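Undergrad: Next comes the sequence, and after it the predicted model I'd like to discuss.
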Amino acid sequence: MKTKISLFLVLMSFFMTSAFPQEKSKKELKEEQSLEKQKQTETLVNSKEFIFVARYALPQGASQVDLTSNPNYVKFQTELIDSYMPYFGKAYSGIGYGGDTGLKFKGKPEKFTVEKKKKNYQIDTNVKAESDNFRLSLSVTFEGSASLSIISNNRSTISYQGEIFPAQVIEKSK
């Protein structure tokens, strides 16, 4: 009789634990989300086709500018770089006077390099646009946040903080 009762209790405990699966801790959920984000970022960077969207502009010698309500992007592709970024800074030639002063250009990159480092991906490209040459340097963390510096021949350097996204996400929202 004791063996029947103990066997019954063991079976009941087995069924009870399998009926109520173990919930994951917050730490485990965060780790899973982080790993998923890292996989997505790696896929995006390796595809060499993604869009950078800035949250903040960091002009030289000036305060940070919030861009969350301003449309902006740089679309990175091996065949075309398409930039639609606001610009805050000094122009060295007559560019921008009486017209749009943003960093708005399209051009085929002369080079497009992607390098995986210890803590980030480094993407560098040069673009000759109609009236200027641009050097873009994008540093992307494994979780997808990014820092972009744009160096121009005719303007002071400006940096942006933001994230990268699949190109299709931004195109659908336009």
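TA: Nice, thanks for sending it over. This one's a predicted model, so the numbers in the text were calculated from it and none came from an experiment.
Undergrad: Using the three-state scheme, assign the residue nearest to the spatial centre of the chain.
TA: Centroid-nearest residue in the chain: residue 164, 2.1 Å away (criterion: C-alpha atoms, centre = their mean). Put simply, residue 164 is strand when judged by DSSP: H, G, I helix; E, B strand; the rest coil.
Undergrad: ok, the closest residue in space to it that isn't next to it in sequence - contacts?
TA: The shortest distance from residue 164 to any non-neighbouring residue, by C-beta to C-beta, 6 or more residues apart in numbering, is to residue 50 (4.7 Å). (Glycine included, C-beta is placed from N, CA and C.) Shown in contact with residue 50 (C-beta atoms under 8 Å, 6 or more residues apart in numbering): 44, 75, 76, 164, 165, 166, 167.
Undergrad: Can you list the low-confidence ranges for this structure?
TA: Within the chain, the segments meeting pLDDT under 70 span 1-23, 93-100, 169-174.
Undergrad: Longest helix of it, counting residues only.
TA: Longest helix in the chain, counting residues (DSSP state H): helix 26-47.
Undergrad: what about the strands in this protein?
TA: Ranges of strands within the chain are 50-59, 65-66, 73-76, 81-85, 103-107, 109-116, 120-128, 133-141, 145-152, 158-166, based on DSSP state E.
Undergrad: tell me the most buried of those strands?
TA: strand 73-76 (a mean of 22; mean count of other C-beta atoms under 10 Å).
Undergrad: Walk me through which strands it pairs with, and which way each runs.
TA: Paired strands of strand 73-76, with direction, are strand 50-59 (antiparallel), strand 81-85 (antiparallel) (DSSP bridges).
Undergrad: what is the orientation angle of the last one with strand 145-152?
TA: The reference is to strand 81-85. 90 degrees (axes from the mean of the first three to the mean of the last three C-alpha atoms, to 10 degrees).
Undergrad: surely the residue nearest to the centre of the chain meets residue 49?
TA: No. Contact criterion C-beta atoms under 8 Å: residue 164 and residue 49 do not qualify, at 10.4 Å.
Undergrad: Out of the strands paired with strand 73-76, flag the one nearest residue 156.
TA: Set against residue 156 and scored by C-beta to C-beta, those come closest in strand 50-59, at 7.4 Å.
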